[in-house]
Every structure is written in C-alpha cells, then in structure tokens.
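Undergrad: Turn this into a structure:
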Amino acid sequence: MTLEEIREKIKGCAAQMNVRYSGVVFDEWAVVSLERNRARILHYTGPRNDEFLKNFVTDLGALRTALLDEKYGAGDFEFSRHGVGTSHEAFLVLGNDLFLICNNTRESMESIAKNPDWLKAQIPFVELAEAVRANPLGDSADTKIFTKP
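TA: A predicted model of the protein is given here:
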C-alpha cells in the first residue's frame, strides 16, 4: 500500500467512525515512522500539528511498551483505556516500523468506550486493520519513501 492510499483509507475510516459514534472518536490521526528508533511524521491530521512530534514519546504513555513489542505485525492494533488529553489512545501497525497513532485530545478512551455507539464505531477501524494486514504500508512501488538515505 502507498502512503497516499493509506491517507485515503484513514480519512474514510475516521469519517465512518464519527458517523457511527455520532461524534468525533479520534481528532488526531498520524502515520509515524519509527525507523532507527527515530520518530518521523509521514502524515498528520489533527489540532496540534507542531506539538505532536515534540511530545510524541511522552504522549505514548501506556502504549509505549506495546508499540515497541515485536509480536505485533501489520494490521495489529492496541487501545489504551487510560489515555487522557494528549496521551495517545490507540495504534495500528501499518508495516515495518510504520504506525498509525490515534488520539482524542479532549476525551479519554475510557470515556469514549462508555458510549454505547463505541462498539459500532470500531467496525471501520477493524476494517482498516484488515486492509492493512492484507496490504501493509510500504509493500508497493512507493517504498522508496521509506528507504534509508
């Protein structure tokens, strides 16, 4: 999958989640490369463009250990029930050292999950995960954007 393809899939997923939830689930979506243990933003949509990367390590919070766990492969994801404010609520593995980071900067995951519509809102996220599992980011002709200089 190319970066442009994943951007379109993320945009569609976010829109579908928000409709099913009857509100904003995640107001922050970022495609991040952690190649060589250095965070690099490849795509960002959200309210704090300049602050996202600067606070990335701190905002990973409880997800940090899971994000770096090699047992996760393309299409695998994790949610943190305790993410509050700028602490990230979820990640989805997009490919080798490539991740989608999701966050709601106003509500905690615990608060989001209390809404009965949260179950319906998860369907597009799982569908995105399955699409990534079938065709990970970087497994296409545009992998050159991820090659080392």
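Undergrad: Could you pull up the contacting residues of Phe77?
TA: Taking CB atoms under 8 Å, 6 or more residues apart in numbering as the contact definition, Phe77 lies against Ala90, Phe91, Leu92, Val93, Phe125, Ala129. Just so you know, the C-beta spots here come from the backbone N, C-alpha and C atoms, and that holds for glycine as well.
Undergrad: can you tell me how far it sits from Arg48?
TA: Between Phe77 and Arg48 the distance is 22 Å, computed by CB to CB, to the nearest Å.
Undergrad: One more: Thr65?
TA: Where Arg48 is concerned, Thr65 sits at a distance of 24 Å (CB to CB).
Undergrad: Specify which residue of those two has the higher count of neighbours.
TA: Per other CB atoms under 10 Å, whichever of Thr65 and Arg48 has more neighbours is Arg48, with 16 against 10.
Undergrad: doesn't Glu28 make contact with that one?
TA: Yes: the criterion here is CB atoms under 8 Å, and Arg48 meets it with Glu28 at 7.2 Å.
Undergrad: anything in contact with each of those two?
TA: Thr105.
Undergrad: So what touches the helix or strand of the chain with the lowest mean pLDDT?
TA: Every helix and strand in the chain was compared by mean pLDDT, DSSP states H and E; the lowest is helix 64-67, with a mean of 72. Applying CB under 8 Å, 6+ apart, the set of residues contacting helix 64-67 from outside is Leu34, Val57, Leu60, Tyr72, Glu78, Phe91, Phe99.
Undergrad: Buried only: go through the residues you listed for me.
TA: The neighbour-count criterion (16 or more other CB atoms under 10 Å) marks Leu60, Tyr72, Glu78, Phe91, Phe99 among these as buried.
Undergrad: what about Pro136, which SS state?
TA: Using DSSP: H, G, I helix; E, B strand; the rest coil, the three-state assignment for Pro136 comes out as coil.
Undergrad: Quick check: it vs Leu94, distance?
TA: Applying CB to CB, the value for Pro136 to Leu94 is 6 Å.
Undergrad: Pull out the buried residues from the helix ranked longest in the chain.
TA: Among the elements of the chain assigned as helix by DSSP state H, the one spanning the most residues is helix 3-21. Counting neighbours by 16+ other CB under 10 Å, one finds that the buried residues in helix 3-21 are Leu3, Ile6, Lys9, Ile10, Cys13, Ala14, Gln16, Met17, Asn18, Arg20, Tyr21.
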